[in-house]
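Asker: would you be able to build a 3D model of this:
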Amino acid sequence: RMTTTNKILVVLTSQDQFTESHRSKPPHGGENNPKPPHQQQPESQTSTGFDVKEAAYVYTRFCQQSSSSSSCTIEFASPRGGQPPMDPQSEQASKSDPTVKKFLSDKQVKDLLSNTRKLSDIKNPSEYTAAVFVGGAGAMFDLAEDPDVPRITEKMMRENRQSVVAAIGHGLAALINVKSPQSTNDPLLKNKRVTCNTDEEEREMRLEDKVPFSLERKLKEIGAHVDKQEKFKEHVVVDERIITAQNRDSTQQWVERIAENLRM
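Answerer: Here you go, the predicted model:
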């Protein structure tokens, strides 16, 4: 059997804070109305970043478990390059996960993460077989608006017909402004079945007032069919070359679906 080499671009957010300026302004006169108690944020929750579990499972599946018939290289990238911020809530929630523990203590991982490639420096997207967008609420701020995300994704999909695009949870924000490789005017996700962090999950995690928009609504606005399960249930949707997962609880299944598509 021939050995196939997959080159996977894993994109992480550079956004480390929930910023006020992105949030939609309250209606006129609403500034002085105190929020109900359940919407008041604990002070510690001003930090965000990428979801460590999602990144760890992608890295582990593709770098540590490549089979003899397929090898794989992973490149981490982010809008600003260098060390991306890790979401402290995701780290807390995964502290007993052996895959995450191993990932965080791996010297090679530390080197890779401290030197993520700047998205604007990626000149040849067609060399990648997959573009993988990790979640964490930070993605809603920068990956949603970064002009290099559509540039890289569209070119990869157009020029490498075997390539796949994968996103999980808030990572779906990265795909909102990506156009279809067939036509420059239609969104990539128009008429596609996808899933993402749902409005119910955002409310439960007390993120609805902190993120700049509702991801579920935005995907519907661009014509995607949002296929969702109950909150925090494992759920992965594959539509041709697009592989999406609802939340971090779906990470393992999502990573396996990516591997199946890349025949690994």
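Asker: so the residue lying closest to residue 141 once chain neighbours are set aside: helix, strand or coil?
Answerer: Computed as Cβ to Cβ, 6 or more residues apart in numbering, the closest residue to residue 141 that is not its neighbour in sequence is residue 15, at 4.2 Å. Using the backbone N, CA and C atoms, a C-beta is placed for each residue, glycine as well. Three-state assignment for residue 15 (DSSP: H, G, I helix; E, B strand; the rest coil): coil.
Asker: now do the contacts for residue 15.
Answerer: 48-49, 85, 138-139, 141-142 (Cβ atoms under 8 Å, 6 or more residues apart in numbering).
Asker: try residue 219
Answerer: 172, 176, 189, 194, 196, 226.
Asker: ok, the first one - contacts?
Answerer: Each residue near residue 172 by Cβ under 8 Å, 6+ apart is listed here: 133, 135, 194-197, 215, 219, 244.
Asker: equivalent analysis for the last one, please.
Answerer: Contacts were defined as Cβ under 8 Å, 6+ apart; by that measure residue 226 touches 194-196, 198, 216, 219-220.
Asker: return the distance of the nearest residue to residue 135 once chain neighbours are set aside relative to residue 115.
Answerer: In space, residue 135 comes closest to residue 169 once its chain neighbours are excluded; the distance is 3.1 Å by Cβ to Cβ, 6+ apart. Applying Cβ to Cβ, to the nearest Å, the value for residue 169 to residue 115 is 25 Å.
Asker: between those two, which is the more surrounded one?
Answerer: Using other Cβ atoms under 10 Å as the criterion, residue 169 and residue 115 rank with residue 169 on top: 31 against 11.
Asker: low pLDDT regions in the stretch 151-264 of the chain?
Answerer: Where the stretch 151-264 of the chain drops to pLDDT under 70, the residues are 184.
Asker: what about the helices in it?
Answerer: 199-204, 215-221, 251-261 (DSSP state H, counting those that start in this stretch).
Asker: show me the contacts of residue 172 that map onto strands.
Answerer: Here DSSP state E is the test, and these give 133, 194, 244 as lying in strands.
Asker: about what we covered before: how about the contacts of residue 172 in CSV, adding distance to residue 102?
Answerer: Output for these, formatted as CSV (distance: Cβ to Cβ, whole Å):
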residue, distance to residue 102
133, 23
135, 20
194, 30
195, 28
196, 28
197, 26
215, 30
219, 33
244, 26
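Asker: how about the contacts made by the closest residue to residue 207 other than its chain neighbours?
Answerer: Spatial nearest neighbour of residue 207, chain neighbours left out: residue 137 (5.9 Å); criterion: Cβ to Cβ, 6+ apart. The contact partners of residue 137, by Cβ under 8 Å, 6+ apart, come to 18, 48, 87, 170, 207, 210-211.
Asker: mind redoing it with 10 Å?
Answerer: Going by Cβ atoms under 10 Å, 6 or more residues apart in numbering, residue 137 touches 13, 15, 18, 45, 47-51, 87, 89-90, 169-170, 173, 197, 202, 205, 207, 210-212, 215.
Asker: now residue 57
Answerer: Here residue 57 is in contact with 51, 94, 97, 99-100, 103, 134, 168, 248, 251-252, 254-256 (Cβ under 10 Å, 6+ apart).
Asker: quick one, phi psi at it?
Answerer: The phi/psi pair for residue 57 (degrees, to the nearest 10) reads phi -70, psi -40.
Asker: could you measure from it over to residue 200?
Answerer: The spacing between residue 57 and residue 200, counted by Cβ to Cβ, is 24 Å.
Asker: on that earlier part again, list phi and psi for the residue nearest to residue 207.
Answerer: phi -60, psi -20.
Asker: hmm, back to that, may I see the ChimeraX selection of the buried members of the contacts of residue 137?
Answerer: Buried members of those, defined by 16 or more other Cβ atoms under 10 Å, are picked up in ChimeraX with:
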select :13,15,18,47,48,49,50,51,87,89,90,169,170,173,197,202,205,207,210,211,212,215
